[in-house]
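[1] Got a predicted model here, sequence first, then my questions.
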Amino acid sequence: MAKQATESNRGRRVELQGEVVANKMQKTISVLVYRTIKHEKYGKYIKKSSVIKAHDEKQQCKIGDTVVIYETRPLSKTKRWALASVLKTSKQV
């Protein structure tokens, strides 16, 4: 759910975990990612969400899968993330 930066020989790699909400595009999935932010004035933690487009080269993801995506170079107008791994598959047919 939170951003994780993993160290490798190519530098820091920002990874996010989320749920696939759309896979109708060719080699592209839409991933719903949640994050928590602290309200400046009241101090309450608020849950916010974003839908991120990610590159899925093998077209292996289905709607409902839990996936890990990582930040990459711009691949198109809206795609800046790529699929790292599928953590949990959905039971949809």
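    Cool, the structure landed.
[2] Next SSE downstream of the helix or strand hosting Val51?
    Per DSSP states H and E, Val51 falls inside strand 45-55. Downstream of strand 45-55, the first helix or strand assigned by DSSP H and E is strand 66-71.
[3] Following element in sequence after the least confident helix or strand in the chain by mean pLDDT, please.
    Using mean pLDDT, DSSP states H and E, strand 4-8 stands out as the lowest-scoring helix or strand of the chain, at a mean of 68. Using DSSP H and E, the helix or strand that follows strand 4-8 in sequence is strand 11-22.
[4] How far away from the center of its chain is that next one?
    Remark: strand 11-22 is offset 3 Å from the chain centroid, using Cα atoms, centre = their mean, to the nearest Å.
[5] which residues are in contact with that strand?
    Residues from elsewhere that reach strand 11-22 (Cβ atoms under 8 Å, 6 or more residues apart in numbering): 1, 3-7, 29-34, 51-52, 61-71, 81, 84, 87, 90. Bear in mind the C-beta positions are built from the backbone N, C-alpha and C, glycine included.
[6] Swap in 7 Å and give it another go.
    1, 3-6, 29-33, 51, 61-71, 84 (Cβ atoms under 7 Å, 6 or more residues apart in numbering).
[7] ok, and for it, which residues are buried?
    Residues of strand 11-22 classed as buried: 15-20 (neighbour count, 16 or more other Cβ atoms under 10 Å).
[8] what's the angle from it to strand 66-71?
    Interaxial angle, strand 11-22 versus strand 66-71 (axes from the mean of the first three to the mean of the last three Cα atoms, to 10 degrees): 130 degrees.
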